[in-house]
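Participant: Any chance you can model this:
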Amino acid sequence: MEHLLRTLRLTLLLGLFSLVISAWLRIATRLLRGDRVLPDRLIATPSRPPWGSGTVLLSLLLFLGLSVVVMGVYRSVKREFVPAQAGAPALAPAAQPAESPAPANPLTALEQVGLTAVVNVLLIPLLPLLAWFTAGARLRDFGLSRERLGGQLGLGFGAGFFVVPIIYLVQALAGLIWSPNQHELSVMLERQFSPAAAVLGAVTAVILAPILEEMLFRSILQRWLIALFDDLIQAIQGAPTTASETDPTPTRAAGYLAPTQIEPAEDATREAGNGLAPPATAPAAAMLGIALTSFLFGIVHAPQWPAPVPLFLFAAAIGLVYQRTGSLIAAICMHATLNGISTGAMLLMVLFGTPAGGGGPRG
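Facilitator: Numbering: from 1, shown residues only. Below you'll find the model as predicted:
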């Protein structure tokens, strides 16, 4: 059995190494040929999102509030029907902390990961429904389309394997400065490992989390921030902010409060042959929107410190790909690549009897 596990680990490492080298060689080849590393546009999306600040605020409140509600309800039910854990060693009187004692029946890592999965399953359909109800948004406004699906998948996974070594290098350097905190997923796999826990962790980290977080951060938040900064830059430069000769979609004032009505003329851009021009957005607006979204993405993962340091760079890379291509599927695939490698590394560490804390960053 041990020989089989070692063979499996070697095979996976060689496969991962081959994919990374292939991604780097492909990028290098395109650069040497003078080709664009990223296509201008893989799918047609309106140049501006139909949602305004109200939809964004409601989405963030739903993202944070639903997690608090689900965790709170579960804690209440557990406290009511599950007896408090007994046998925990008591602290000596001199070592008693001054603050309030810990809850008598705290959540285990397995429960935390399971509840996170439940919240993700609920939020994945709720966020698009909220955007549709408040702003008339369609899935295409998020960047979800079967158009050029193979190209979207290939670009997403290829870009993921390209940036993963950089992210791990930054994570290793950050680990030399700060002591890393374990993710609840690694705690679960290390202390409560079972086949069911492994499946739950893989589904949560590799499927659910990338879909939800990319939908929220890249589609809803980043697109809105870029449009907001674009309006601000136009206002500062004295450019008109009510309409554009090249973009039939009416723009908003700097406040970006009311949702925009998407004109049918925008759908005509789908007829472009070998690529679609990116939205007419000021480069500074795109950079500011991507940077701020990436910073907030890192803040959400602050309990995993210092993982937010490499995750900021990772989120910026995903944001660039999303802004350039308009494909949310590519962004999800990039996110899933990093999480899949990190989760796989943790599973191998558990199977080989080593601590799972070094599984790497995951978003």
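Participant: where along the protein do the helices fall?
Facilitator: Residue ranges of the helices in the chain, as given by DSSP state H, are 2-33, 53-81, 109-135, 139-142, 149-177, 184-191, 195-203, 209-213, 223-237, 283-300, 308-325, 328-351.
Participant: Could you report the distance from the nearest residue to residue 174 once chain neighbours are set aside to residue 332?
Facilitator: Excluding the flanking residues, the one nearest residue 174 by C-beta to C-beta, 6 or more residues apart in numbering is residue 306, at 3.9 Å. All C-beta atoms are positioned from the backbone trio N, CA, C, and that covers glycine. The gap separating residue 306 from residue 332 is 25 Å, by C-beta to C-beta, to the nearest Å.
Participant: quick one: which of the two has more around it?
Facilitator: Taking other C-beta atoms under 10 Å, residue 306 and residue 332 do not tie; residue 332 has more neighbours (27 against 21).
Participant: Might one say that the residue nearest to residue 174 is in contact with residue 176?
Facilitator: No - using C-beta atoms under 8 Å, residue 306 is not in contact with residue 176, being 9.6 Å away.
Participant: Any stretches of the protein with poor pLDDT?
Facilitator: Where the chain drops to pLDDT under 70, the residues are 1-2, 5, 40, 44, 46, 83-105, 239-281, 353-363.
Participant: give me that answer again for 50
Facilitator: Where the chain drops to pLDDT under 50, the residues are 86-96, 100, 102, 242-278.
Participant: nearest to residue 42, of the helices of the chain?
Facilitator: helix 308-325 (4.3 Å; C-beta to C-beta).
Participant: on that earlier part again, export the helices of the chain as TSV, with columns for distance to residue 41.
Facilitator: Below are the helices of the chain laid out as TSV (distance: least, C-beta to C-beta, whole Å):
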stretch	distance to residue 41
helix 2-33	17
helix 53-81	24
helix 109-135	21
helix 139-142	13
helix 149-177	11
helix 184-191	35
helix 195-203	32
helix 209-213	22
helix 223-237	14
helix 283-300	14
helix 308-325	6
helix 328-351	11
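Participant: which stretch among those comes nearest residue 39?
Facilitator: Closest to residue 39 of the helices of the chain, according to C-beta to C-beta: helix 308-325, at 6.1 Å.
Participant: ok so, going back, of the helices of the chain, which is nearest residue 45?
Facilitator: Taking C-beta to C-beta, helix 139-142 is the member of the helices of the chain nearest to residue 45, at 6.0 Å.
Participant: Show the contacting residues for the residue nearest to residue 174.
Facilitator: The contact partners of residue 306, by C-beta atoms under 8 Å, 6 or more residues apart in numbering, come to 171, 174, 175, 177, 178, 180.
Participant: For the fifth one, give its distance to residue 167.
Facilitator: Same thing as residue 178. Noted for residue 178: a distance of 16 Å to residue 167, by C-beta to C-beta.
Participant: Which one's more surrounded, these two?
Facilitator: residue 167 (23 against 11).
Participant: Can you name the residues that contact the spatially closest residue to the more buried one that is not a sequence neighbour?
Facilitator: With sequence-adjacent residues excluded and distances taken as C-beta to C-beta, 6+ apart, residue 167 is closest to residue 310, at 4.6 Å. Residues in contact with residue 310 (C-beta under 8 Å, 6+ apart) are 167, 168, 170, 171, 174, 361.
Participant: Return the distance of the residue nearest to the fourth one when sequence neighbours are not counted relative to residue 192.
Facilitator: Nearest non-adjacent residue to residue 171, counting by C-beta to C-beta, 6+ apart: residue 310, 4.5 Å away. In this structure, residue 310 and residue 192 are separated by 27 Å, where distance is defined by C-beta to C-beta.
Participant: burial of the closest residue to residue 304 other than its chain neighbours, as a residue count?
Facilitator: Excluding the flanking residues, the one nearest residue 304 by C-beta to C-beta, 6+ apart is residue 183, at 5.2 Å. Neighbourhood size, residue 183 [other C-beta under 10 Å]: 26.
Participant: Ok, residue 57 next?
Facilitator: Residues near residue 57, counting by other C-beta under 10 Å, number 10.
Participant: got it, and residue 48?
Facilitator: Applying other C-beta under 10 Å, I find that residue 48 has 27 neighbouring residues.
Participant: pretty sure it contacts residue 225?
Facilitator: No - taking contacts as C-beta under 8 Å, residue 48 lies outside contact range of residue 225: 11.8 Å.
Participant: separation between the residue nearest to residue 304 and residue 135?
Facilitator: Distance of residue 183 to residue 135, computed by C-beta to C-beta: 34 Å.
Participant: Also residue 340?
Facilitator: Residue 340 is 33 Å from residue 135, by C-beta to C-beta.
Participant: wait, what's in contact with the closest residue to residue 126 other than its chain neighbours?
Facilitator: Using C-beta to C-beta, 6+ apart and skipping the chain neighbours, the partner closest in space to residue 126 is residue 62 (6.4 Å). Residue 62 makes contact with 123, 126, 127, 130 under the criterion C-beta under 8 Å, 6+ apart.
Participant: quick one: which of these is nearest residue 140?
Facilitator: Proximity of the contacts of residue 62 to residue 140 (C-beta to C-beta) peaks at residue 127, which lies at 15.1 Å.
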